[in-house]
Structures are given as structure tokens and as C-alpha cells.
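>>> Return a 3D structure for these sequence lines:
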Amino acid sequence: MKKLFLSLTIIFLFGSNAFGFDHSYTGYRTLLGKSVDNGLVDYKKIQSNPKILQDALLDFSELSKKGYESFDRSQKIAYMINAYNLYTIEGILKEYPVKSIKDIKGIWNKAKHKVAGQMLTLDNIEHDILRKQFKEERIHIAIVCASIACPEIWNQPFTADSLDQQLTARAERFVTDMTRNKISFEKHELKLSKILSWYGNDFKEKYSDDSIFLYLYGKKRAVANFIYNHSPKETQEKLRQGKFKVGYLSYDWNLNEQ
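Presented below is the predicted three-dimensional model:
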């Protein structure tokens, strides 16, 4: 009886899904596997099979606030990154067909979603939780705003048990993607994603080392170090030769659609 009472107390305090939460994100994994290829989303396929979206949403909407609070740091970060990306897809589908996410009024700061037992906007997830609470700069390479210039959406969910390796792998993919970050060794110039300009200050804590780019300052040094740290050895060697200017590419807001 004591064991039963203890179990019921735990369920009452933390919610029935606190310890039974699917950290492998089965529903969301299925949606990504069926609709994402080479960083692009097949919105038409999801629209024609709404059940895969509904099943994916259950991975997030049924979690209670106390259940979320029982998560460790990696579990919380993985959950919030996945929630941001999935609810962005849902937001696009509510207005689809659409040419750009920027055509949807309020998608970032008005539309609310059930996340960890609360009603949150995409801005809440990104700025109030992922950036403010966790200070993990690699989230900018993981969350996707449904645009061509965004980091590619991955065809797998982020998971707590592999989170660091996954974020590092996505950072390396982003840095070496010449459509998003261009390095000209002839001109000694880094033309980087606007994301690294908008959120460059988030990189300063971990990437302010002056051993390579001592001639750069502030966020430009930080993002240059980020590029350097996630580049192949051959690229790193070339970046140590001479001084590089840092600039930023224009941003393509067209929909990341197959």
C-alpha cells in the first residue's frame, strides 16, 4: 500500500507523463522522416496526411508543466528545439500555400501553442527559454524559421542522450554550407549568415578567444571563431593566414519547401 500511495503521489505531483515521456519523439520522428529531405519540407505531403502532424503534436502538447520541470537540462533543450521546429511547420500549414513565413502575421509573437503545459509563442520558446535560460548558442543552428536562408531543418528530432553531438554536427553542417556561409581566401573575407549577425552576441561567451582573430572585436571575433572551430582542418589552416574581414549575406525568406 505504501508503494502504491507513493506512486499515486508522484503522478499527482508531476503529472502522469513525467516519467513516461517519449524522449525519442516517435510521432515527430515519423513526420520528419516522411516529409523532410535535404533540409526542405514537403508541406503538401503533410497537408494531405494530417494525421502525421497530429501524432507529432501529441509528443509535445500532452506534457505537463511539472513533467517538463522534472527533465534534465539536455532533455529540456531538445524538447524546446523540437517544439519550435514542429510548431513552425504547423504555423506554415495553417496558412499554406504561402511564399514566406513573413507573410503570416503574428506567427512568431501572437500564435500560441501548448508547450510544457503552458501556452507559448515561438518567440517565447526561442528568446525567453532557449536563449535566456540555457545560453546555448548552437540553438541558432538548430531552430528553423521555415526559410531558405535558415539552417537546414534536420530529418531527425534532437534527443537528450545525443544532444551535444547532434548540435555539433549541425553546427559543422551549417558552417561548411557555402550557400549560408562563404569564405573567400583570395579576398580574405568571411560572408556569413545574417543569423550570426542578429545573434552574434550570444556567441561571445564561448568564442571570444583572441588567438586567431585578434584583429577582430566583439561579435565579429566571436562568430569568426565559431566558423573556425567548426571548420575542417584545411580551412582552419588557411584562416590562420592573413587578416579576414567579416560581412554578412542577404537573407532569403522564401519558404523552405521541396
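>>> What helix or strand is the nearest residue to residue 27 once chain neighbours are set aside located in?
Among residues not flanking residue 27 along the chain, residue 55 sits closest, at 3.8 Å (C-beta to C-beta, 6 or more residues apart in numbering). For glycine as for every other residue, the C-beta is placed from the backbone atoms N, C-alpha and C. Secondary-structure assignment from DSSP states H and E places residue 55 in helix 50-61.
>>> In PDB, list the C-alpha atoms belonging to that helix.
Extracted C-alpha coordinates of helix 50-61, given in PDB (Å, rounded to 0.1, in the frame of the first residue of the first chain):
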ATOM      1  CA  PRO A  50      -2.800  15.500 -41.400                       C
ATOM      2  CA  LYS A  51      -2.700  12.500 -39.000                       C
ATOM      3  CA  ILE A  52       1.100  12.500 -39.100                       C
ATOM      4  CA  LEU A  53       1.100  16.100 -37.900                       C
ATOM      5  CA  GLN A  54      -1.500  15.400 -35.200                       C
ATOM      6  CA  ASP A  55       0.500  12.400 -34.000                       C
ATOM      7  CA  ALA A  56       3.700  14.600 -33.900                       C
ATOM      8  CA  LEU A  57       1.900  17.300 -31.900                       C
ATOM      9  CA  LEU A  58       1.000  14.800 -29.200                       C
ATOM     10  CA  ASP A  59       4.700  14.400 -28.400                       C
ATOM     11  CA  PHE A  60       4.600  18.000 -27.100                       C
ATOM     12  CA  SER A  61       1.100  19.000 -26.200                       C
END
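>>> same for it, what does it pack against?
helix 26-35, helix 73-95, strand 113-115 (3 or more C-beta pairs under 8 Å, 6 or more residues apart in numbering; DSSP states H and E).
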